[in-house]
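Q: I'd like to go over a predicted model; first the sequence, then the structure.
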Amino acid sequence: AVQLVESGGGLAQPGGSLRLSCAASGFTFGYWAMSWVRQAPGKEREWVSGISNGGSVTYYADSVKGRFTISRDNAENTLYLQLDSLKTEDTAMYYCARGGLNYGDSLDKNNWGQGTQVTVTS
């Protein structure tokens with residue numbers, strides 16, 4: 001079974017940093033583009049960033065471009081998201097997903113992890 005386990009979230013101050021991880025199992029990780037999606041309270045899920053299966057191509061939402069960095073380690077079946085220069089509006093539950101390389105691309109909505117909460121507050 002597909003498993004996605006997110007971790008690394010927490011409390012940060014504006015301007016701070018966090019590094020999120022997503023441990024994947026149950027499928028051939030290196031075959032899939034992967035993405036990060038976030039959901040703030042009362043809002044719909046928002047695509048944040050995507051990375052190609054080999055890791056050479058990345059895309060970002062305008063709201064995070066220049067501040068977040070997506071990466072992956074196919075040998076470890078792990079996806080990462082480095083969050084820098086955090087803003088209060090980055091507060092959300094963050095999820096990784098299969099697919100969704102770029103905004104509007106289809107992603108696997110049938111397999112979600114538990115997410116990891118990022119809270120940015122002074």
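A: Great, that's in hand.
Q: Double-check Tyr94 against Leu18; I have them as touching.
A: No: Tyr94 is not in contact with Leu18 according to C-beta atoms under 8 Å; the separation is 9.3 Å. The way it works is simple: take the backbone N, C-alpha and C, and place the C-beta from them, glycine included.
Q: Quickly list what's touching both of those two.
A: Common contacts of Tyr94 and Leu18 (C-beta atoms under 8 Å, 6 or more residues apart in numbering): Gly9, Val118.
Q: Just give me the residue right at the centre of this structure.
A: A centroid search over the chain (C-alpha atoms, centre = their mean) returns Trp36, at 2.5 Å, as the residue closest to the centre.
Q: so which strand or helix has that residue?
A: strand 34-39 (DSSP states H and E).
Q: partner residues bridging the residue nearest to the centre of the chain?
A: With DSSP bridges applied, Trp36 shows beta-bridge pairing to Ser49, Cys96.
Q: Ala12 now?
A: Val120.
Q: Distance check, it against Thr121.
A: Look at Ala12 and Thr121: by C-beta to C-beta, to the nearest Å, they are 8 Å apart.
Q: Could you check which of these two has the larger neighbour count?
A: With neighbours defined as other C-beta atoms under 10 Å, Ala12 and Thr121 compare such that Ala12 has more, 19 against 10.
Q: secondary structure class for the residue found closest to Gly8 once you drop the neighbours it is linked to in the chain?
A: Distances taken as C-beta to C-beta, 6 or more residues apart in numbering place Leu20 nearest to Gly8, at 4.2 Å, with adjacent residues excluded. Secondary structure assignment for Leu20 (DSSP: H, G, I helix; E, B strand; the rest coil): strand.
Q: Return the per-residue confidence for Leu20.
A: Looking at Leu20, its pLDDT is 98.
Q: Going by contacts, tell me the helices and strands next to the strand holding Trp36.
A: Applying 3 or more C-beta pairs under 8 Å, 6 or more residues apart in numbering; DSSP states H and E, we find strand 34-39 packed against strand 18-25, strand 46-51, strand 78-83, strand 92-98.
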